[in-house]
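Undergrad: one predicted model, sequence on top.
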Amino acid sequence: MTYVRSTGEVSAEFHARDEVDSLTFRTSGTHVRFVAPGAATRGQFGLFEWNMQPRTGGADAHFHRTFSESFYVTSGTVEFYDGDRWMPARAGDFLYVPMGGVHGFRAPSDEPSSMLILFAPGAPRESYFRELVEIRDSGRTPTDDEWIEFLARHDQYSVVG
């Protein structure tokens, strides 16, 4: 039990749709909305809306040591890598990846696709995505060592998949 009082309290926090930060990867057109980053949930979870254009790459096979990741497809088709194989997922499908679980995603179909990504606990993934956009949009090509350092700083470890 994490709440120890015997009565509830007024503590709900409303976040209006128009007040949510977002970013767009210019190279792919993927648009990400930071619906509920860890800073808004007292670090308990992070919830992001991920909107991909047709035939868009996503994340190659990787894992995280300090948080789990869950994916819920809201529209279109997304392919998920579960550490063993790539599988198609459509609206209503869900993938849970515990800490250490190898996973990846992409949008290979001819239609746009969207999903919700939940990180638990609420790792500051928005800073990872902002830095990734800056790297990709600038055209800068980090060295292998720079990529490894960047990914490790954000608890992301690449694997061959």
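TA: All right, it came through fine.
Undergrad: now the lowest-mean-pLDDT helix or strand in the chain: how far from the chain's centre is it?
TA: Within the chain, no helix or strand scores below helix 125-138, which has a mean of 91 by mean pLDDT, DSSP states H and E. Computed by Cα atoms, centre = their mean, to the nearest Å, the chain-centroid distance of helix 125-138 equals 12 Å.
Undergrad: and for the next helix or strand after that helix, what's in contact with it?
TA: Note on helix 125-138: by DSSP states H and E, the next helix or strand toward the C-terminus is helix 144-153. Identification of contacts with helix 144-153 by Cβ atoms under 8 Å, 6 or more residues apart in numbering yields 62, 131, 135, 142, 157, 158. No exception for glycine: its C-beta is placed from N, CA and C like everyone else's.
Undergrad: what pLDDT does the most centrally placed residue in the chain get?
TA: Centroid check for the chain by Cα atoms, centre = their mean gives residue 117 as the closest residue, at 4.9 Å. If you check residue 117, the pLDDT there is 98.
Undergrad: could you report the neighbour count for the residue lying closest to it once chain neighbours are set aside?
TA: Leaving aside its chain neighbours, residue 117 sits nearest to residue 48 (4.7 Å; criterion: Cβ to Cβ, 6 or more residues apart in numbering). If you count neighbours by other Cβ atoms under 10 Å, residue 48 ends up with 20.
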